[in-house]
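J.: missing the sequence, but the structure's below:
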């Protein structure tokens, strides 16, 4: 497994604390733990998750990622995600922009669709490198099912707290409907020299979907909390995942659930001399679901929307359209200028924050 022996996270960098949620207690609907989860999801939109039970699946996924990234570049490029707005497949370092100036990213990753994994060997969307196929049933499917289980528990709790009819959020994320849900394994090579403060591995963004289930062993993830002017690291904690809310869930909830802006920079301190591996599962709504506040289904959501008349919570866009727009306009090959970056933005975008 990559990243087994790593230096400690430095203690001289700015860090933003996250609330810790215990998944075993959440499953049992412990009311204090539910309160902690709700506080995290409605403030920063990020939290640590312990006792999630996915450690074995995560380790195996990192092995799959290492095997895939070790393939020759020309072999990986046979499975490149392309420029039409599809996320699934391989993305080489430099394939995406990280800001409005068009600076290229510095990470490579492999994305495996939930639909392709659960239908394997039947192809739902596309084919993958042999290193992926060899581990589809033994490694990728177990990780995806575990991730879906974790995020489904969160959706059920949010459904209740938002005053929605039973099963409303679950129906928007029906497992049998094709969606943008995917597992992603990411590799950032070590820095050959001390990283520049302006170096960015993955540009500032909000996540495209509903919930993200992240596992990383080195620092690099940063958040910009509401009202803050400076970025802060999120310190990796052994045995803890990092979870966060994405655009879709924020829109469905009328902004009650927070999809906060974040980015990835080189690991801090001596950690920058090491490969940075991370793994995430993105739960996204079914492709046909329209991204808009569920005001007809919840008075709580309707009241929240009324309190923010300056914001629109109806995108007039399906999940598939929203996702494809964002993916397509990040691609370097599609770039025409700063307007392309602006077109890739999500709920973090305002006319003054392109």
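T.: Happy to help now that I have it. Everything numeric here is computed off the predicted structure, so don't read it as measured data.

J.: Quick one: end-to-end distance for stretch 132-140.
T.: This stretch, stretch 132-140, spans 8 Å end to end (Cα to Cα, to the nearest Å).

J.: same deal with stretch 103-121?
T.: For stretch 103-121, the first-to-last residue distance is 38 Å (Cα to Cα).

J.: What are the buried residues along that stretch?
T.: Neighbour-count burial for stretch 103-121, counted by 16 or more other Cβ atoms under 10 Å, picks out 103, 105-118, 120. The C-beta positions use only the backbone N, C-alpha and C, and glycine is treated the same way.

J.: cool, and stretch 155-174?
T.: By neighbour count on 16+ other Cβ under 10 Å, the buried set for stretch 155-174 is 155, 156, 157, 158, 159, 161, 162, 164, 168, 169, 172, 173.

J.: about what we covered before: closest to residue 283 out of the buried residues of stretch 103-121?
T.: Among the buried residues of stretch 103-121, residue 114 lies closest to residue 283 (Cβ to Cβ), at 8.4 Å.

J.: low pLDDT regions in the stretch 1-150 of the chain?
T.: Counting by pLDDT under 70, the ranges of the stretch 1-150 of the chain that qualify are 1-4.

J.: can you pull out the helices in it?
T.: Assigned by DSSP state H, counting those that start in this stretch, the helices in the stretch 1-150 of the chain fall at 23-27, 31-42, 55-69, 73-76, 114-119, 130-133, 141-161.

J.: Among the buried residues of stretch 155-174, find me the one that's closest to residue 90.
T.: Nearest to residue 90, judged by Cβ to Cβ, of the buried residues of stretch 155-174 is residue 173 at 25.7 Å.

J.: Surely the closest one and residue 285 touch.
T.: Yes - when contacts are counted by Cβ atoms under 8 Å, residue 173 is listed as touching residue 285 (5.6 Å).

J.: what touches both of those two?
T.: 179, 210 (Cβ atoms under 8 Å, 6 or more residues apart in numbering).

J.: Pull the residues that contact stretch 50-66.
T.: Contacts to stretch 50-66, defined as Cβ under 8 Å, 6+ apart, come from residues 1-3, 20-25, 110, 131-132, 135, 138-140, 142-143, 146-147, 150, 183, 185-187, 213, 215, 237, 239-241, 277, 279.

J.: again, 6 Å this time
T.: Where contact means Cβ atoms under 6 Å, 6 or more residues apart in numbering, the residues beyond stretch 50-66 that reach it are 1-2, 22-24, 135, 139, 142-143, 146, 150, 185, 215, 240-241, 277, 279.

J.: ok, now stretch 158-170?
T.: Applying Cβ under 6 Å, 6+ apart, the contact partners of stretch 158-170 are 38, 155, 253, 297, 298, 300, 301.

J.: ok, now stretch 217-228?
T.: For stretch 217-228, contacts defined as Cβ under 6 Å, 6+ apart pick out 3, 6, 9, 16, 44, 231, 233-234, 261-265, 267-268, 271, 276.

J.: now do stretch 111-131
T.: 67-68, 79, 87-89, 136, 140-141, 144, 178, 181-184.

J.: where's the one residue sitting closest to the centre of the chain relative to residue 123, distance?
T.: For the chain, the residue nearest the mean C-alpha position is residue 212 (4.3 Å; Cα atoms, centre = their mean). To residue 123, residue 212 is 25 Å away according to Cβ to Cβ, to the nearest Å.

J.: same deal with residue 134?
T.: Distance from residue 134 to residue 123, by Cβ to Cβ: 16 Å.

J.: Who has more neighbours out of these two?
T.: Each of residue 134 and residue 123 has its neighbours counted (other Cβ atoms under 10 Å); residue 134 has more, 15 against 12.

J.: if I look at residue 172, how far off is residue 107?
T.: 30 Å.

J.: Kindly report the same for residue 349.
T.: Per Cβ to Cβ, residue 349 is found 22 Å from residue 107.

J.: ditto for residue 249
T.: Taking Cβ to Cβ, one finds residue 249 at 25 Å from residue 107.

J.: which of the contacts of stretch 158-170 lies closest to residue 309?
T.: Distance to residue 309 across the contacts of stretch 158-170 (Cβ to Cβ) is lowest for residue 301, with 14.7 Å.

J.: wait, isn't the closest one in contact with residue 294?
T.: Yes - using Cβ atoms under 6 Å, residue 301 is in contact with residue 294, at 5.3 Å.

J.: circling back to that earlier point, the contacts of stretch 158-170 into a markdown table, with extra columns for secondary structure?
T.: Converted to a markdown table, the contacts of stretch 158-170 look like this (DSSP: H, G, I helix; E, B strand; the rest coil):
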| residue | secondary structure |
| --- | --- |
| 38 | helix |
| 155 | helix |
| 253 | coil |
| 297 | coil |
| 298 | coil |
| 300 | helix |
| 301 | helix |
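
J.: Quick check: the farthest pair among these?
T.: Checking these with Cβ to Cβ, the most distant pair is 38 and 297, at 18.6 Å.

J.: shaky segments in the stretch 251-354 of the chain?
T.: Flagging of the stretch 251-354 of the chain using pLDDT under 70 yields the residue ranges 350-354.

J.: which stretches of it form helices?
T.: Under the criterion DSSP H, counting those that start in this stretch, the stretch 251-354 of the chain contains helices at 299-306, 319-330, 338-343.

J.: Going by neighbour count, which residues of the second one are buried?
T.: In other words, helix 319-330. 319, 320, 322, 323, 324, 325, 326, 327, 328, 329, 330.
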